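Student: okay, structure incoming, though there's no sequence with it:
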C-alpha cells in the first residue's frame, strides 16, 4: 500500500524536517503515527497523500513509483485516499451535506445515491439536524465530524487521519474510532496520527514513532480492549 525507502523532506530550501524514513504499510494494515508536537507527523502524512514531494528517496503508493508517475495520473491516485485534516479544510460555501457528498459527486455517482449516503453518514456521526448548515455555523467538533464523514464516504483504499479525535468528547471519539476499525476490517488501510497514547492502547495496532523527524521505533501494540 505504502513503501518509503530512505525518504527525506524539506520545505523550500530549509533543512530536512524528515530524514531517512524507511517503512512499509501493508494492504489492510492499521498504523498509529505517534510522536511529540513538531516531530513531523503531519509532514509525513502530507507525503503519503501526495501533497508534497520528498527531497530524496523512494515513495511507492498503490504499487506505483510516485517519482515516475505522470503528473496527470496523480489525481486518480489521490481519489483512492481519504484524508482527515487537522484544520478540516471544509468548503465554507457548501453545506455539511454538500461537503460530505463531494467525493461521491467527483466520482460521478448518481445523485440519489449521493444524497442517501451523505445523509446516513451525517446522522451516524450525530449531525442529522445540521445537514444544511454551512461550516462557519458549526462548532469545531461538528466541523471535524463533517470532515471525517467526507473522508470515509467513498470507502477509500487508504485513510489518513491527523488527530481525528482531538476536538471530540470521549464518547464521540470512541464511536468514530469504531468506524475506522470497521473500515479497516473491510480492507481499508489506515494511518492515524495522534498524541493520544490511550487511543493506541485501546485500539491496538502497529506504531510508527517519530522523534525529531526520524523513525525512532516501529512496533506492534496489542489492543487491551480488542485482543486478537
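Tutor: The structure has been received and is ready for your questions. Nothing here was measured: the structure is a model prediction, and the numbers come from that model.
Student: ok, what's across the strand from the residue nearest in space to the middle of the chain?
Tutor: Against the mean C-alpha coordinate of the chain, by Cα atoms, centre = their mean, the closest residue is residue 160 at 1.7 Å. Here residue 160 sits in beta bridges with residue 83, residue 191, as judged by DSSP bridges.
Student: ok, now residue 207?
Tutor: Listed beta-bridge partners, residue 207: residue 32, residue 219 (assigned using DSSP bridges).
Student: local confidence estimate at it?
Tutor: Note on residue 207: pLDDT of 91.
Student: surely it is in contact with residue 200?
Tutor: Yes - under the criterion of Cβ atoms under 8 Å, residue 207 makes contact with residue 200 at 6.3 Å. (C-beta placed from N, C-alpha, C; glycine too.)
Student: and those two? Which one has more around it.
Tutor: Using other Cβ atoms under 10 Å as the criterion, residue 207 and residue 200 rank with residue 200 on top: 20 against 17.
Student: any idea how far that one lies from residue 31?
Tutor: 10 Å (Cβ to Cβ, to the nearest Å).
Student: again with residue 3
Tutor: On the measure of Cβ to Cβ, residue 3 and residue 31 end up 13 Å apart.
Student: so what sits against both of the two?
Tutor: Common neighbours of residue 3 and residue 31, using Cβ atoms under 8 Å, 6 or more residues apart in numbering, are residue 25.
Student: who has more neighbours, those two?
Tutor: Legend: neighbour count by other Cβ under 10 Å for residue 3 and residue 31, higher for residue 31 (21 against 16).
Student: other SSEs contacting the lengthiest helix in the chain?
Tutor: Counting by DSSP state H, the longest helix found in the chain is helix 170-185. Judged by 3 or more Cβ pairs under 8 Å, 6 or more residues apart in numbering; DSSP states H and E, the packing partners of helix 170-185 are strand 30-34, helix 140-152, strand 158-162, strand 189-193, helix 197-203.
Student: pretty sure the residue nearest to the centre of the chain contacts residue 84?
Tutor: Yes - between residue 160 and residue 84 there is a contact at 7.1 Å, judged by Cβ under 8 Å.
Student: quick one on the thing from earlier: pull up the overlap in contacts between residue 200 and residue 31.
Tutor: In terms of Cβ under 8 Å, 6+ apart, residue 200 and residue 31 are both contacted by the residues residue 207.
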